[in-house]
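*Asks:* got a sequence here, can you build the structure:
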Amino acid sequence: MDLQLKHKVVLITGGAKGIGAAIARAVAAEGGIAVIVDRDADAANKLRDEMKSEGKACKTIHADLSSPEECSSAVEQTIREFGDLDVLVNNAGINDKIGLENGTPEKFEASLKRNLFHCYNMAHYALHALKKSRGCIANIASKVAMTGQGGTSGYASAKGAILALTREWAVELLPYGIRVNSVVPAEVMTPLYRQWLGSFPNPEQKLQEIVAKIPLGNRMTLPEEIAATVLFLISAQASHITGQHIFVDGGYVHLDRALT
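*Replies:* Model (predicted):
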């Protein structure tokens, strides 16, 4: 299947590690140009150097996406270098555990800034280029938006809003042929997830408790499986798909709990 992503310019926020890095690698493997926007310059540059050593096209932009100005700058740097922008992948985010009891109004607002505001800002500043290219947007949400988790009001609110914005933008951008979809992971082994597991007295036991609740294969979803779905959605093969929430979770959210 030809995804027709060769030479396409794909900007990926939070693209240096975990799901974002898997998306960047997948884009480059299809002949696209992966533009990695991340505040972790060392991780981003390491990934860039690995990809370039393999002859793949990649650019890194060091940015703090909590700043609207830096969001704008990341888009403009991309367009200045490549002359175009075909795809925006809003991936950056962190489950920062800002809850109702353990948070404050100030911390809640900061969590939304970390996890939500940059999605709007990046889409806003990228819109003129996406209109020109008749490109698309892929948002990475989370099962927390659907299931709740407890103790993470900020992150849950942000991811729920991202699902709502996916459908809102899909409607607003219909006249320009710009498609907008979300991918919804559940349990994915990323560096941040591994760090969270390490906070438990027995990380391996905690991991086994988690995977026992994942119906398909009783295993974590791989970052590469999220990336594969994103690539399909941003490709010409998904040319009539917009406004959708695609769950890549081994049945975690929707299948009967009796299975586990």
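*Asks:* please make it C-alpha for all contacts and neighbour counts, starting now.
*Replies:* Will do.
*Asks:* burial measure for residue 128, as a count.
*Replies:* 12 (other CA atoms under 10 Å).
*Asks:* so it is in which element?
*Replies:* For residue 128, the element it lies in under DSSP states H and E is helix 118-133.
*Asks:* next one: residue 106
*Replies:* Assigned by DSSP H and E, residue 106 belongs to helix 105-112.
*Asks:* for the stretch 151-260 of the chain, just list every one of the helices.
*Replies:* Along the stretch 151-260 of the chain, counting by DSSP state H, counting those that start in this stretch, helices occupy 153-172, 191-197, 203-211, 223-234.
*Asks:* among these, which comes closest to residue 21?
*Replies:* Ranking those by proximity to residue 21 (CA to CA) places helix 223-234 first, at 8.5 Å.
*Asks:* just to revisit the earlier point, and the helix or strand just after the helix holding residue 128, what does it pack onto?
*Replies:* For helix 118-133, the succeeding helix or strand toward the C-terminus, using DSSP H and E, is strand 136-140. On a contact count with 3 or more CA pairs under 8 Å, 6 or more residues apart in numbering; DSSP states H and E, strand 136-140 meets strand 87-90, strand 179-185, helix 223-234.
*Asks:* paired strands for the shortest one, with orientation please.
*Replies:* The reference is to strand 87-90. If you go by DSSP bridges, strand 87-90 pairs up with strand 9-13 (parallel), strand 136-140 (parallel).
*Asks:* pLDDT wise, what is the spatially closest residue to residue 153 that is not a sequence neighbour at?
*Replies:* The shortest distance from residue 153 to any non-neighbouring residue, by CA to CA, 6 or more residues apart in numbering, is to residue 99 (4.6 Å). The per-residue pLDDT reported for residue 99 equals 96.
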